[in-house]
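K.L.:
Structure of the sequence below:
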Amino acid sequence: MNAFDVIEAATEADLVDEGGEPIAWKALPGLSSEAVAALERKLGFEPPGELLDLLPRCAGVEGPLDDIWFDGRIGGFGQDDIFPKGIPIAPDGFGNFWVLDVQGNAPAGVPVFFACHDPPAVARIRGQLGPPLYDRRSSRSTPRDGVLVGSPRAAHGDPPPW
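P.N.:
Below is the predicted model of the structure:
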């Protein structure tokens, strides 16, 4: 299952937040070929295949967290020494970020990390983009069932949802 398939499945699923309230995912329009080329120039190399496959179809997701963006538009991460070619995809609202590590010559999968500032720690969530986004385990999924793998709850003491 690629990242776009995961996003499509999440948009059709019956998901709830930690409080049991329904949440809906909405895939946002993909990037033009010019915008993908601009991201490539910004990175200094062609993004890994998984991201190149996703970006023309979907630049982000509305609904989870404060939205998720795969095109580098989220600012405020500022950890270039840790992720010199990182793309922050989502803040958690507490100063922490999910980050794609898009180093040059990477394999097809794009590793996803959760970077926490307090305590300072970085956790590798998964070796590819798709599964961390959504792991549907039932028709009525909760965050503990993997709505967003690598949730802030995991970083702040609760066991990870996977």
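
K.L.:
Where does pLDDT dip in the chain?
P.N.:
Applying pLDDT under 70 to the chain flags residues 65, 104-108, 128, 130-162.

K.L.:
I figured Ile74 hits Gly86, correct?
P.N.:
No. In this structure Ile74 lies outside contact range of Gly86 using Cβ atoms under 8 Å: 10.8 Å. For the C-beta atoms, the positions are set from N, CA and C on the backbone; glycine is no exception.

K.L.:
Reduced to three states, what does the residue nearest the centre of the chain come out as?
P.N.:
Centroid-nearest residue in the chain, with Cα atoms, centre = their mean: Ile89, separated by 5.2 Å. Per DSSP: H, G, I helix; E, B strand; the rest coil, the local secondary structure of Ile89 is strand.

K.L.:
my guess is it meets Trp98, correct?
P.N.:
Yes. Between Ile89 and Trp98 there is a contact under Cβ under 8 Å: 5.1 Å.

K.L.:
Show the contacting residues for Gly76.
P.N.:
Pro88, Pro91, Phe97 (Cβ atoms under 8 Å, 6 or more residues apart in numbering).

K.L.:
hmm, 10 Å instead?
P.N.:
Pro88, Pro91, Gly95, Phe97 (Cβ atoms under 10 Å, 6 or more residues apart in numbering).

K.L.:
got a list of what the last one touches?
P.N.:
Shown in contact with Phe97 (Cβ under 10 Å, 6+ apart): 74, 76-79, 83, 86-91, 113-117, 122.

K.L.:
try 6 Å
P.N.:
Phe77, Pro88, Pro91, Ala115 (Cβ atoms under 6 Å, 6 or more residues apart in numbering).

K.L.:
now the first one
P.N.:
Contacts here follow Cβ under 6 Å, 6+ apart; on that basis Pro88 touches Ile74, Phe77, Phe97, Val99.
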